[in-house]
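**Student:** I need the structure of the sequence given here:
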Amino acid sequence: TRAAMGKFGLQLKATLENISKLRPDGEDFRWFLKLKCHNCGEVSDKWQYITLMHSVPLKGGRGSANMIQKCKLCSRENSIDILKDTLKPYNAEDSDKFKTIVHFECRGLEPVDFQPQAGFAAEGAESGTQFDEINLLEKDWNDYDEKIRESVGIYEVTHKFVKI
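**Tutor:** Presented below is the predicted three-dimensional model:
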């Protein structure tokens, strides 16, 4: 039996201060997820990450995926793919609202938790100043924008998954 396919959107919500275009930076950006096997309901206890640049072939020549995971409990082989064309930045006008920033295509599993870590980038909403290497692990980040002589920040980062 072939595992059911599903698409899931990751929605981000944060309070932005003088910041726009918050986004995962580059193909090596690590999406840290906890995944649940549809076959047996087992949820991974460790954070696992997937990146766009890592691709593995699926069995039987059915294309490829960013990650293939064998369930520890039932040994079912599941896979997850980042749909690159669905990546969207989180902008100043999105502040305090949930916005879908990426879709994942899943076979036999679904993402149940997300942990933002390093590798985000953003820019000053007014100044265009580039901020790289933003780490959102603490759910809060702030810096100083020399151009406008004001503080910038990303606060109260939360998320949820939606079935698409």
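**Student:** Angles on the backbone of residue 86, please.
**Tutor:** The phi/psi pair for residue 86 (degrees, to the nearest 10) reads phi -100, psi 0.
**Student:** shouldn't it be in contact with residue 102?
**Tutor:** Yes - taking contacts as Cβ atoms under 8 Å, residue 86 lies within contact range of residue 102: 5.6 Å. In short, each C-beta sits where N, CA and C put it, glycine included.
**Student:** Centroid-nearest residue for this protein?
**Tutor:** In the chain, the C-alpha nearest the mean C-alpha coordinate belongs to residue 31, at 4.6 Å (Cα atoms, centre = their mean).
**Student:** contacting residues around the closest residue to it other than its chain neighbours?
**Tutor:** If the residues on either side of it in the chain are set aside, residue 31 comes closest to residue 50, at 5.2 Å by Cβ to Cβ, 6 or more residues apart in numbering. For residue 50, the contact set (Cβ atoms under 8 Å, 6 or more residues apart in numbering) comprises 30-31, 33, 66-67, 80, 82.
**Student:** Looking at the residues you listed, which one is closest to residue 130?
**Tutor:** Closest approach between the contacts of residue 50 and residue 130, by Cβ to Cβ: residue 30, at 20.3 Å.
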